[in-house]
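Trainee: everything below, folded, please.
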Amino acid sequence: LDDIVIGDVYLKNIDLQKGSGTLSIVLIQDCYKEKGYGTAVERTVLEYGFKELGLSVIYADVVLRNTRSQHVLEKIGFEYLHEDSFFKYYKYTPKDTSNAFSVRPKYPKE
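Mentor: So this is what the prediction gives:
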């Protein structure tokens with residue numbers, strides 16, 4: 001995107017002993033939403049977490065009103081856990097971490 005910052009993505013709360021981390025993503029500019037960038041970057045971060053860091057589970061939490069992010073998490077395979085008055089909570093546990101992300105995601109449409 002020609003060095004344009006369209007958001008932030010983090011893999012935070014990494015605990016290598018427990019093999020877990022938490023995915024967090026924010027797309028700042030609305031004009032880049034619903035173009036597949038969030039999906040692509042989330043898949044890339046999952047691949048990094050599982051293949052490079054050796055994590056066994058990655059969690060995510062989403063503000064209740066952010067149905068777009070909830071849809072993306074569910075689309076890429078996150079499992080809904082529960083919700084409270086502010087957030088929905090998810091987790092992703094690949095069935096086979098050695099093969100979970102053998103194909104890199106395609107770049108989204110411009």
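Trainee: and the strands in the protein, which stretches?
Mentor: Using DSSP state E, the strands assigned to the chain run over residues 7-15, 20-27, 57-63, 79-83, 87-92.
Trainee: could you point out the longest helix of the protein?
Mentor: helix 37-47 (DSSP state H).
Trainee: mind saving the C-alpha coords of stretch 8-27 as CSV?
Mentor: Listed in CSV are the C-alpha atoms of stretch 8-27, where the atom choice follows Å, rounded to 0.1, in the frame of the first residue of the first chain:
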residue,chain,number,x,y,z
ASP,A,8,-2.1,-1.9,13.7
VAL,A,9,-1.8,-5.6,14.4
TYR,A,10,-0.3,-7.2,17.5
LEU,A,11,0.4,-10.6,18.9
LYS,A,12,0.5,-9.7,22.6
ASN,A,13,0.4,-11.4,25.9
ILE,A,14,2.8,-14.0,24.5
ASP,A,15,3.6,-16.8,27.0
LEU,A,16,6.0,-19.2,25.5
GLN,A,17,5.8,-21.6,28.5
LYS,A,18,2.0,-21.9,28.0
GLY,A,19,2.3,-21.6,24.2
SER,A,20,-0.3,-18.9,24.0
GLY,A,21,-0.7,-15.3,22.8
THR,A,22,-3.5,-12.9,21.9
LEU,A,23,-4.2,-11.4,18.5
SER,A,24,-5.2,-7.7,18.3
ILE,A,25,-6.0,-5.8,15.1
VAL,A,26,-7.3,-2.3,14.4
LEU,A,27,-7.9,-0.9,11.0
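Trainee: can you list contacts of it?
Mentor: Residues external to stretch 8-27 that are found in contact with it (Cβ atoms under 8 Å, 6 or more residues apart in numbering): 6-7, 28, 33, 37-38, 41-42, 45-46, 48-49, 53-61, 69, 92. C-beta: built from backbone N, CA, C; applies to glycine.
Trainee: same deal with stretch 63-75?
Mentor: Contact partners of stretch 63-75, identified using Cβ under 8 Å, 6+ apart, comprise 25, 33-34, 38-39, 42, 60, 62, 80, 83, 85-88, 90, 92.
Trainee: try stretch 77-85
Mentor: Surrounding stretch 77-85, the residues in contact under the criterion Cβ under 8 Å, 6+ apart are 60, 64, 74, 88-93.
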